[in-house]
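*Asks:* Build me a model:
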Amino acid sequence: MNVRLNLALHGLLLALAGCSDPGEANPEHGHEHGADEHDHAANENPSVGHAPHDDDDDHAAHGHAHDTPERPSEVVTHWGESTQLFVEFPALVVGRDSRFAAHLTGLVGHVAVDSGVVLVELSGGEFPVERFSVDGPSVPGIFRPVVRPLYGGTRNLAIRLTSDSHTETHDLGSFTVFASPRDAMTAAPEEPELEGQIGYLLEQQWRVSFAVEEVTERTMRPNIPAFASLVQPSDSVTVVTAPQDGRLVTAAGAPPVVGQSVGEGAVLFQMTTVPQGDGDPAGLDLAVEQSQIRVAAAQREVERLAPLLTQGVIPERRLDEARSELADAEAELRSANRRRSGFSQNQRVGGARDTLDVPAPINGTIAELFVSPGTWVSQGDPVARIVNTERLILSVGVPEAYVNRLQAISGAWFRPERAAAIVEVPGSSLISIATEIDDESRTLPVRFAIDNQAGQLFAGMRAPAHLVVDEPRQAAAVPLTSVIDDAGTDVVFVQTGGESFERRAVRLGIQDGDYIEIIEGVAPGEWVVAVGAYSVKLASTSTESIGHGHAH
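*Replies:* Now for the predicted structure:
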């Protein structure tokens, strides 16, 4: 796509941009193309033009209008696949130098091209091809080849850039090579009326975050606005509990920590165990004391009955029963003492023997630890909470007003807070549509499965979301960042030339991801400011000189 302007028209744009007299010598203002700034070598091949400068052609050194220009100037903007060309040069005249100021911008990042070779080629008209080149820019982004045509008539003009990052040819179409400057002035078209143009120079654009994008027809999906939250599936969260009473100790290696990834079966802790029913030191002490009381009582009974047997007061069977009771009590006391001794030994040695593993039941991340090494726990006490973050659920609350449009959900998309990109959710991930509207929020939950293998999403996140419904359609669309609110009106800024823009009020349609439909205001093929629209808005209202520092 080409945009061509003549010298006077471009001069008016610069005036709108705040430039002072373009012919001033002050390099802080206007476009200066001094002869000493050109870097081109002579070539013996007459079809490759590196001709010496003609002293009569002093006006050609300036890309902007003078009060009495020797010949009109051409100003062309061309958008390629990877670069944008904005070029200024005096009308082509046989045997006269035309000093080009070719501004080249990489479309990705909108940065000045700072290296490479620029070749200007004139062809067609039954004459040999003429080529003129310059090796490298004079300042980043601006290349200055000098063209001195040898043949007149209609010629096709192309500018080719070759660099490490870009190789592109800008075919600018047909231009007339005039026989004399007078012929060029006579053929210059009338200056069109210029209204509503905003000047914003490339040197300004290169210094800020800026980008332009072509308006194209895109597949846009009708959708329902909603609000969503990310929740953990019930089967991806588990609480690890103590399998029985005991004392937790560190397994081989370092103790577990919150945030640590663990595999299924990985040992979180080991624990030393005690006999069931005697799960604490107080219980063991009580068992010993009770056994001692029983032994003492049985001993007294034996001592009481022995004399009575000698006197023949009681049968021998009664004494035998008492002695048997004493033996049982003594055996119970020995057992209680062994249990208490074993428990104390385990406490002293830290579980060096009779240990039990406490493993992780699922793959995941330790979200909480309820104990630390050395803690005594009872069976069923919580030890840790493990969460598998590889799967999440997107719960979308659909407002009650839209529930009648849920028959054909084909997907969803949402943008987490501060995220650079949206997250697309295919229709195949749909899990369920609730059957009841929530009383408080008056929304109907719709749930999707989310793959979170990359670990960039987290349970608890909330975000605006959109449910994709109805059939997609083709529509002209621009990046959402192109549209700004200007005093209550949705507007975009259309690039009409490399350094000129136009404010357009637009009527918006559906939003789909990072793009929004334009029903009215711009057409496919036009270029809009995708990043930096507010800077252009400021340029349209600023009383400062935006053209300052625009030296070539």
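*Asks:* Just checking the distance from stretch 439-447 to the centre of its chain.
*Replies:* 29 Å (Cα atoms, centre = their mean, to the nearest Å).
*Asks:* need the helices for the protein, in chain order.
*Replies:* Under the criterion DSSP state H, helices of the chain are mapped to 7-17, 181-187, 202-206, 281-310, 316-349, 533-541.
*Asks:* Which positions within the fourth one qualify as buried?
*Replies:* When burial is assessed from 16 or more other Cβ atoms under 10 Å, helix 281-310 yields the following buried residues: 284, 287-288, 291-292, 294-295, 298-299, 301-302, 305, 309. C-beta coordinates here come from the backbone N, C-alpha and C atoms, glycine included.
*Asks:* same for that helix, what does it pack against?
*Replies:* Applying 3 or more Cβ pairs under 8 Å, 6 or more residues apart in numbering; DSSP states H and E, one finds that helix 281-310 contacts helix 316-349.
*Asks:* Tell me what angle the helix it packs on forms with helix 281-310.
*Replies:* 160 degrees (axes from the mean of the first three to the mean of the last three Cα atoms, to 10 degrees).
*Asks:* helices and strands around helix 316-349, which ones?
*Replies:* In terms of contacts (3+ Cβ pairs under 8 Å, 6+ apart), helix 316-349 is packed against helix 281-310.
*Asks:* With distance to A475 and mean pLDDT added, can I get the helices of the chain in a markdown table?
*Replies:* Shown next, in a markdown table, are the helices of the chain (distance: least, Cβ to Cβ, whole Å; pLDDT from 0 to 100):
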| stretch | distance to A475 | mean pLDDT |
| --- | --- | --- |
| helix 7-17 | 32 | 47 |
| helix 181-187 | 42 | 92 |
| helix 202-206 | 28 | 94 |
| helix 281-310 | 77 | 86 |
| helix 316-349 | 75 | 78 |
| helix 533-541 | 20 | 91 |
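*Asks:* I'd like those laid out as a markdown table, including distance to D135.
*Replies:* A markdown table is the format used below for the helices of the chain (distance: least, Cβ to Cβ, whole Å):
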| stretch | distance to D135 |
| --- | --- |
| helix 7-17 | 27 |
| helix 181-187 | 29 |
| helix 202-206 | 21 |
| helix 281-310 | 89 |
| helix 316-349 | 82 |
| helix 533-541 | 33 |
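*Asks:* first vs last residue of stretch 196-207, how far apart are they?
*Replies:* 24 Å (Cα to Cα, to the nearest Å).
*Asks:* How is this protein partitioned into domains?
*Replies:* For the chain, automatic domain parsing gives the domain ranges 2-199, 212-221+473-531, 223-235+389-468, 243-380.
*Asks:* Which one, of those, ends up nearest to S540?
*Replies:* domain 2-199 (4.4 Å; Cβ to Cβ).
*Asks:* quick revisit: quick check, nearest of the buried residues of helix 281-310 to I433?
*Replies:* Of the buried residues of helix 281-310, the one sitting nearest to I433 (Cβ to Cβ) turns out to be L284, at 58.3 Å.
*Asks:* I'd guessed that closest one sits against N337; true?
*Replies:* No: L284 is beyond contact range of N337, at 9.3 Å (criterion: Cβ atoms under 8 Å).
*Asks:* I'd like to know how far the closest residue to G95 other than its chain neighbours sits from V118.
*Replies:* Leaving out its chain neighbours, the residue that sits closest to G95 by Cβ to Cβ, 6 or more residues apart in numbering is R148, at 6.6 Å. Distance of R148 to V118, given as Cβ to Cβ, to the nearest Å: 16 Å.
*Asks:* Could you check which of the two has the larger neighbour count?
*Replies:* V118 (26 against 21; other Cβ atoms under 10 Å).
*Asks:* Show me what that one bridges to in the sheet.
*Replies:* V134, L161 (DSSP bridges).
*Asks:* check contacts around it.
*Replies:* Listed by Cβ atoms under 8 Å, 6 or more residues apart in numbering, the contact partners of V118 are A102, L104, S133, V134, F143, P145, I159, R160, L161.
*Asks:* N156 now?
*Replies:* L122, S123, G124, D171, G173, S174, F175.
*Asks:* Distance to R442 for those residues - can I get that in JSON lines?
*Replies:* As requested, the contacts of N156 are exported to JSON lines (distance: Cβ to Cβ, whole Å):
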{"residue": "L122", "distance to R442": "70"}
{"residue": "S123", "distance to R442": "69"}
{"residue": "G124", "distance to R442": "70"}
{"residue": "D171", "distance to R442": "59"}
{"residue": "G173", "distance to R442": "60"}
{"residue": "S174", "distance to R442": "65"}
{"residue": "F175", "distance to R442": "66"}
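*Asks:* Would you state the predicted confidence (pLDDT) at the most centrally placed residue in the chain?
*Replies:* By Cα atoms, centre = their mean, the chain has its centre lying nearest to A420, at 2.5 Å. On pLDDT, A420 comes in at 79.
*Asks:* Same check on H110?
*Replies:* For H110, the predicted pLDDT is 94.
*Asks:* For it, give me phi and psi.
*Replies:* phi 50, psi 60 (degrees, to the nearest 10).
*Asks:* Indicate which one of the helices of the chain is closest to G95.
*Replies:* With Cβ to Cβ as the measure, helix 181-187 is the member of the helices of the chain nearest G95 (10.6 Å).
*Asks:* quick check, nearest of the contacts of N156 to S410?
*Replies:* Using Cβ to Cβ, the contacts of N156 come closest to S410 at D171, 42.0 Å.
*Asks:* wait, doesn't G152 sit right on V177?
*Replies:* Yes: taking Cβ under 8 Å as the definition, G152 is a contact partner of V177 at 4.8 Å.
*Asks:* okay, the closest residue to V87 other than its chain neighbours: pLDDT?
*Replies:* Spatially, and ignoring its direct neighbours in sequence, V87 is nearest to A102 (4.5 Å; Cβ to Cβ, 6+ apart). A102 is assigned 97 on the pLDDT scale.
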